[in-house]
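Novice: Sequence and computational prediction follow.
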Amino acid sequence: MSKNKDRVCIIGGGPAGLSAAMYLEKKGYENYVIYEKLNKVGGKCWSPKLKVKHNGVEEERSFETGAIMGAITYHAVSEMEEFGGYYHKGPDFKPGEPNMRREFRKTTGEVDHPFEPKVNFSVKKLLGLVKLKKQMKKLNKLMQTKYVGYDCYGHLGIAKGEYYGISKGVEGYCGATKETSFPNYIKGTNPNLKDLALPFSEFCKKNGIEEVQRIWIAPFTSFGYGFFDEIPTALVMKYLDVTTALEFVNMKLWTWQDGTQEIYEHVNKKLKHPAKLQTEVIKVERKDNKVYVTTKDKAGKETTEEFDKLIVTTPLDYFAKYADASKEEKELFSKIIHERYIDYIATFDEGKSPVISGYLVENMVPERLGHAMVYYNRWQHLGNDCPVTVYALANHTGSKDVTYEYTQKTMDEDMAKVGFPIKDKLFAQEVYYCPHVSAKDYADGWYDKLEALQGKNNTFYAGEIISFGDMEDTCAASKDIIGRFF
Ligand SMILES: Cc1cc2nc3c(=O)[nH]c(=O)nc-3n(C[C@H](O)[C@H](O)[C@H](O)COP(=O)(O)OP(=O)(O)OC[C@H]3O[C@@H](n4cnc5c(N)ncnc54)[C@H](O)[C@@H]3O)c2cc1C
């Protein structure tokens, strides 16, 4: 039997699971099943359609409860777009398209212009910006020289001072050539890469580039990925590599007209075997060189099926609870930590909603846990009637968690203080977000230990933990795993 006849089980119908299926098909594997516990695919790319008023007429528009944006570095997502036949808008947006413009505000509501020297001019501000520009240049150089090799998906070898993975580079950007750009693998030894285990604030201090945190903080912390005194640099710089960060600064971002969920709905429709919805995996048993997967459907019926291989794209710390996890799996997966990211879609009284998205940078520090950090107005041309999504973090290493209720209340108060008192909430949620390991476990080689388990018991691990918790890194991780192991 040729190996592409193997029967493969994929747990999870999010970006990681669907991209795994797409890459399996591209390799000639047609005997696979995707199990998804919800009644939709896309996972954390969830884009409900809501009615909004425009010029007195009610229209249906997509809103985002999860993923919103991409950039030129979204290579694997582009492959998904191509497969599904559904494409992004941007970076230049036309009227009638969702928009990614944003402003900065003080928590008192005043519009802030931290990067415009001429607005509220002072010598101190000017000198600060000159320093920032110098340090940005220095960081770009450091990442291309001292930290060469940082710019690939995943974390293989980093703790040992090595690198191996698919390049995230874009030819012509930040020194990337055709050979060192996506989808080529890059490989090498660079002991300096061990520094990527350090929390990002320590890494910046070590390299004399503390000011750059002012650029990285808004697209990182406000998007729920944690605070710079706790998160290993590797996570920060693999998601917001210099190219991607500059695209954020220059507002060269992508978004999707009908929402990110549509990328995955389109892919799912094109797959030979679309995901089996409302089918939750509740048990996994691996024995006699086979994998036995038990699912429960919406009627509560339990079914066990036999597979040759298993791809887990769902949280591994949960997997250890319903699978026959080995001692090594249990030990490794118990080290996984995640962010508690809370968001809601709010409506406002007429004339009281923000007309543009906004960052509240003062709230992006651990001392302000539970406070609103960013609000997102997707349909800016609709004027003052548009619902807006508001976001906050509820945990930080070394601080006491704040509750869901406290966070919601604090976010409401913050929005009122900024000048946008919310009227109703159309949707609210807390998300298991950005699974990762501590700086210490990263330095101890957690990722190389996980790599050593890939394929044991016919089990492969994909999803957010492998590289980073965004659409691109999860899809690219599937590309890598299918490419190397199937
Ligand atoms: C508020 C928010 C904003 C975001 N913004 C962005 C952004 O702008 N850009 C970006 O690139 N990314 C963004 N992300 C992150 C991005 O959405 C995720 O990283 C991505 O969806 C991860 O894909 P995944 O398939 O690994 O996991 P998920 O999306 O979590 O999908 C996992 C799937 O597995 C299913 N599942 C879980 N357990 C089981 C089980 N036992 N049996 C069967 N099915 C199961 C779940 O229901 C889910 O559908 C954002 C996320 C959120 C929440």
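Specialist: Received, thanks.
Novice: Please compute how far stretch 162-181 lies from its chain's middle.
Specialist: The chain centroid and the centroid of stretch 162-181 are separated by 20 Å under CA atoms, centre = their mean, to the nearest Å.
Novice: Count the neighbours of Asp412 for me.
Specialist: Using other CB atoms under 10 Å, Asp412 has 17 neighbouring residues. Any C-beta I mention is one placed from the backbone N, CA and C, and that applies to glycine too.
Novice: can I assume it sits in a helix?
Specialist: Yes - looking at Asp412 with DSSP: H, G, I helix; E, B strand; the rest coil, it is inside a helix.
Novice: tell me the contacts of the residue lying closest to it once chain neighbours are set aside?
Specialist: Using CB to CB, 6 or more residues apart in numbering and skipping residues adjacent in sequence, the residue nearest Asp412 is Ile422, 5.8 Å away. By CB atoms under 8 Å, 6 or more residues apart in numbering, Ile422 lies in contact with Ala346, Thr347, Phe348, Val390, Asp412, Met415, Ala416.
Novice: Tell me which of the residues you listed fall in helices.
Specialist: Asp412, Met415, Ala416 (DSSP state H).
Novice: and of these, the nearest to the ligand?
Specialist: Met415 (16.6 Å; CB to the nearest ligand atom).
Novice: Per-residue pLDDT of the residue lying closest to Gln278 once chain neighbours are set aside, please?
Specialist: Leaving aside its sequence neighbours, Gln278 sits nearest to Lys298 (CB to CB, 6+ apart; 4.0 Å). As predicted, Lys298 sits at a pLDDT of 96.
Novice: Give me the residues contacting the helix or strand Thr243 falls within.
Specialist: Applying DSSP states H and E as the criterion places Thr243 in helix 242-249. Outside helix 242-249, the residues that touch it by CB under 8 Å, 6+ apart are 71-73, 91, 139-140, 143, 168-170, 173-174, 176, 215-216, 218-219, 240, 253.
Novice: List the buried residues in that helix.
Specialist: Val242, Thr243, Thr244, Ala245, Leu246, Glu247, Phe248 (16 or more other CB atoms under 10 Å).
Novice: what's in contact with the next helix or strand along the chain from it?
Specialist: The first helix or strand that comes after helix 242-249 along the chain, using DSSP H and E, is helix 261-270. Residues outside helix 261-270 that contact it (CB under 8 Å, 6+ apart): 13-15, 18-19, 22, 40-43, 45-47, 62, 77, 80-81, 83-86, 256, 274-275, 471.
Novice: so, in contact with the ligand or not, helix 261-270?
Specialist: No - using CB under 6 Å from any ligand atom, helix 261-270 stays clear of the ligand, coming no nearer than 8.5 Å.
Novice: what is the rounded mean pLDDT of the following helix or strand past that helix?
Specialist: With elements assigned by DSSP H and E, the helix or strand that comes after helix 261-270 is strand 279-287. Mean pLDDT, strand 279-287: 98.
Novice: Can you list the helices and strands that strand 279-287 packs against?
Specialist: strand 32-35, strand 290-297, helix 316-322 (3 or more CB pairs under 8 Å, 6 or more residues apart in numbering; DSSP states H and E).
Novice: got the angle for it vs strand 290-297?
Specialist: Angle of strand 279-287 versus strand 290-297, following axes from the mean of the first three to the mean of the last three CA atoms, to 10 degrees, is 160 degrees.
Novice: Wondering if strand 279-287 reaches the ligand at all.
Specialist: Yes - under the criterion of CB under 6 Å from any ligand atom, the ligand is reached by strand 279-287 at Glu280, Val281.
Novice: quick one: contacts for Lys131?
Specialist: Lys131 is in contact with Glu211, counting by CB under 8 Å, 6+ apart.
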